[in-house]
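Peer 1: sequence first, then the predicted structure:
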2 protein chains.
Amino acid sequence: MTDVDLAFDEQEYIPAVAQDADSGEVLMLAYVTEEALRKTRETGEAHYYSRSRDELWHKGGTSGHTQAVEEVRVDCDGDALLYIVDQTGGACHTGYESCFHRTVDGETVGEQVFDPDNVY
Amino acid sequence: MTDVDLAFDEQEYIPAVAQDADSGEVLMLAYVTEEALRKTRETGEAHYYSRSRDELWHKGGTSGHTQAVEEVRVDCDGDALLYIVDQTGGACHTGYESCFHRTVDGETVGEQVFDPDNVY
């Protein structure tokens, strides 16, 4: 499916980082199956695999906050992906642009871009 | 150890993405144990856990290509970290600034910043 060999783990996942093409912000980290990667490449919109719901996950399918994928990169040992995306709305279900909107000390560093009560 | 609860997986790892503080480049994805995170915070230099060597990994300990950590962020569900770093040299053992220097189609998109033959 890809020219570069990918090292899916024993559960057939590979982690994928989404980065905003414009701001450079790291938006989220989620997991991808072979099917999710194929759907991403076929449709041009980011797909992941929801481990909690145990199903293919079209990002933004419910919220409208889709990610148009400009490029899919792979790391040197083939066991992680990087999606370069144009994010509609915010990536995080909490309303923040990025899921990484807190330091480990609990300080908020990110920007809230929508009110989740209006979306979900 | 941290104010935010972290969700280490059943192998006691949590994935950590390193992003260059200046360029915004996503440099690498690796795994962190509680000890690796503690060492990172104590020393200010990025530590990971090498799954292949099965040991604590001080990034750049051999090559000199250390990562000074400006901030450690955590995602909304506490199961992924983001290290914002000042990278000395390049992050990738192949000599590229980023481990994500190829598309999944095998096209090179990153920049080689050192000759690995001179480092390892």
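Peer 2: Good, I have the coordinates. The model shown is predicted, which means the values in this text are computed figures rather than measured ones.
Peer 1: could you pull out the strands for chain A?
Peer 2: With DSSP state E applied, chain A shows strands at A:14-20, A:26-32, A:47-50, A:55-58, A:67-74, A:81-87, A:102-103, listed in chain order.
Peer 1: and those strands as JSON lines, adding mean neighbour count and distance to B:V4?
Peer 2: Placement of C-beta: from N, CA and C, glycine included. Shown next, in JSON lines, are the strands of chain A (neighbours: other CB atoms under 10 Å in any protein chain shown; distance: least, CB to CB, whole Å):
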{"stretch": "strand A:14-20", "mean neighbour count": "23", "distance to B:V4": "19"}
{"stretch": "strand A:26-32", "mean neighbour count": "25", "distance to B:V4": "15"}
{"stretch": "strand A:47-50", "mean neighbour count": "22", "distance to B:V4": "22"}
{"stretch": "strand A:55-58", "mean neighbour count": "16", "distance to B:V4": "24"}
{"stretch": "strand A:67-74", "mean neighbour count": "20", "distance to B:V4": "25"}
{"stretch": "strand A:81-87", "mean neighbour count": "22", "distance to B:V4": "23"}
{"stretch": "strand A:102-103", "mean neighbour count": "20", "distance to B:V4": "6"}
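Peer 1: pipe those into a markdown table and attach mean pLDDT and distance to chain B per row.
Peer 2: Shown next, in a markdown table, are the strands of chain A (pLDDT from 0 to 100; distance: least, CB to the nearest CB, whole Å):
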| stretch | mean pLDDT | distance to chain B |
| --- | --- | --- |
| strand A:14-20 | 98 | 5 |
| strand A:26-32 | 98 | 4 |
| strand A:47-50 | 98 | 12 |
| strand A:55-58 | 98 | 14 |
| strand A:67-74 | 98 | 4 |
| strand A:81-87 | 98 | 4 |
| strand A:102-103 | 97 | 6 |
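Peer 1: so which of these is nearest B:A30?
Peer 2: Across the strands of chain A, B:A30 has its closest neighbour in strand A:14-20 (10.5 Å, CB to CB).
Peer 1: and the angle for the closest one with strand A:67-74?
Peer 2: With axes from the mean of the first three to the mean of the last three CA atoms, to 10 degrees defining the directions, strand A:14-20 sits at 130 degrees from strand A:67-74.
Peer 1: what distance do you get for the residue of chain A found nearest chain B to B:S23?
Peer 2: Nearest residue of chain A to chain B, counting by CB to the nearest CB: A:G24, 3.3 Å away. Here A:G24 is placed at a distance of 8 Å from B:S23 (CB to CB, to the nearest Å).
Peer 1: tell me the bridge partners for the spatially most central residue of chain A.
Peer 2: Closest residue to the average C-alpha location of chain A: A:A18 at 4.4 Å, with CA atoms, centre = their mean. Beta-bridge partners recorded for A:A18 (DSSP bridges): A:M28, A:Y83.
Peer 1: that one contacts A:V32, doesn't it?
Peer 2: No: counting by CB atoms under 8 Å, A:A18 does not reach A:V32; the two are 10.5 Å apart.
Peer 1: quick one: contacts for A:F114?
Peer 2: A:F114 is in contact with A:65, A:89-90, A:95, counting by CB atoms under 8 Å, 6 or more residues apart in numbering or on different chains.
Peer 1: try 7 Å
Peer 2: Contacts for A:F114 (CB atoms under 7 Å, 6 or more residues apart in numbering or on different chains) come out as A:89-90, A:95.
Peer 1: find the nearest non-adjacent residue to it, please.
Peer 2: A:G95 (4.9 Å; CB to CB, 6 or more residues apart in numbering or on different chains).
Peer 1: kindly report the same for A:E35.
Peer 2: Closest residue to A:E35 apart from its sequence neighbours, by CB to CB, 6+ apart: A:L56 at 6.0 Å.
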